[in-house]
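Asks: pasting the sequence and the predicted model now:
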Amino acid sequence: PNRLKSHSRGALIVLEGLDRCGKTSQASRLVSFLTGLGHAVEMWRFPDRTTVVGKMISSYLSNRSHLDDRAIHLLFSANRWEKRSLMEDKLRCGTTLIVDRYSYSGVAFSSAKELDLLWCKTPEKGLLAPDLVVYLDISPEKAAERGGYGGERYEQLEFQKKVAQSYHKLFDASWKIVDATLPIEEIEEQLRDVALDCLVTCQKGKSLSQLWS
Ligand code: T5A
Ligand code: NA
């Protein structure tokens, strides 16, 4: 029954930004919208805290364990690698993935600790490249005002300022930068438009590629 659909692949759409920028809210709204239109869609997030590696990451983020900066960087990357083949299978079978954080978070957060940017990018090489990256743009100060930070390791204003600078080094002309301080519904509208454009491009036969190019 799915023979027709199997000819076109799903899109890999990634949402990025500082802590509290609104990624999770927007990802779930976008998934509902696309599902309502009849698309096969799943919401994913990194870190995926359900795996063994993910549990180590979660413990680190909640300050229950301490790890060398490079060790935690590589765990975040490994957490993406352990999902890579499933990700590719899903996309090739026509499922669109809306992903809350990806390799750009990995690089932006670790390089904010003064790790070398190129060193940070290297373990991400060979992971699937997103078809669309949406950056929810908010100042660290405004993000901090949102409901207060919950006490996870990186949720501190000074650190988020450095993360914002790191993200700016990763910006690419293909990224969709959205003002994350707009009302939720306005952002949602903008995301619907770019996501639908992206789906069309993938359905027309755009091939999957790999990071980093
Ligand atoms: N990390 C992650 C790494 O260091 N390396 C990596 O490789 C990866 C993948 C993970 C942490 O790990 C780091 C980054 C992070 O520090 P997480 O579990 O992904 O953390 O947590 P966050 O992404 O920080 O999730 P948050 O819940 O903090 O933020 P979201 O998802 O961006 O925001 P959301 O949607 O939950 O909204 C936050 C609040 O703002 C309100 C919401 O109602 C909510 O209260 N809000 C708005 N308010 C006004 N206007 C709008 N437009 C709003 N949109 C949302
Ligand atoms: Na957070």
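Replies: Cool, got the structure. Ligands and ions are numbered 1, 2, ... in the order given.
Asks: nearest spatial neighbour of the one residue sitting closest to the centre of the chain, skipping sequence neighbours?
Replies: Residue closest to the average C-alpha location in the chain (Cα atoms, centre = their mean): residue 101, at 2.2 Å. Spatial nearest neighbour of residue 101, chain neighbours left out: residue 46 (4.7 Å); criterion: Cβ to Cβ, 6 or more residues apart in numbering. Yep, even glycine has a C-beta here, placed from its N, CA and C like the rest.
Asks: what count of nearby residues applies to that neighbour?
Replies: Residues lying near residue 46 (other Cβ atoms under 10 Å) number 20.
Asks: other SSEs contacting the host helix or strand of residue 187?
Replies: Secondary structure from DSSP states H and E places residue 187 in helix 184-203. Identification of packing neighbours for helix 184-203 by 3 or more Cβ pairs under 8 Å, 6 or more residues apart in numbering; DSSP states H and E yields helix 23-36, strand 96-100, strand 132-137, strand 176-179.
Asks: mind redoing it with 6 Å?
Replies: On a contact count with 3 or more Cβ pairs under 6 Å, 6 or more residues apart in numbering; DSSP states H and E, helix 184-203 meets helix 23-36, strand 176-179.
Asks: secondary structure class for residue 9?
Replies: Three-state call for residue 9 (DSSP: H, G, I helix; E, B strand; the rest coil): coil.
Asks: right, and it touches residue 91 too?
Replies: Yes. Judged on Cβ atoms under 6 Å, residue 9 makes contact with residue 91 at a distance of 5.2 Å.
Asks: can you redo the helices and strands packed on helix 184-203 as JSON lines with mean neighbour count?
Replies: JSON lines is the format used below for those (neighbours: other Cβ atoms under 10 Å):
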{"stretch": "helix 23-36", "mean neighbour count": "17"}
{"stretch": "strand 176-179", "mean neighbour count": "16"}
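Asks: ligand 1: which of those is closest?
Replies: helix 23-36 (3.2 Å; Cβ to the nearest ligand atom).
Asks: quick one: the closest one to strand 132-137, angle?
Replies: 140 degrees (axes from the mean of the first three to the mean of the last three Cα atoms, to 10 degrees).
Asks: following element in sequence after helix 23-36, please.
Replies: Going down the chain from helix 23-36, the next helix or strand is strand 41-45, by DSSP H and E.
Asks: and that following strand, which residues are buried?
Replies: 41, 43, 44 (16 or more other Cβ atoms under 10 Å).
Asks: and what of stretch 153-160?
Replies: Under 16+ other Cβ under 10 Å, the buried positions of stretch 153-160 are 154, 155, 159, 160.
Asks: gap between the two ends of it?
Replies: 11 Å (Cα to Cα, to the nearest Å).
Asks: how about whatever helix or strand residue 71 lives in against ligand 1, any contact?
Replies: Element membership of residue 71, judged by DSSP H and E, is helix 69-92. Yes. Counting by Cβ under 6 Å from any ligand atom, contacts between helix 69-92 and ligand 1 involve residue 76.
Asks: can you check stretch 113-127 too?
Replies: No. Using Cβ under 6 Å from any ligand atom, stretch 113-127 never reaches ligand 1; the gap is at least 8.9 Å.
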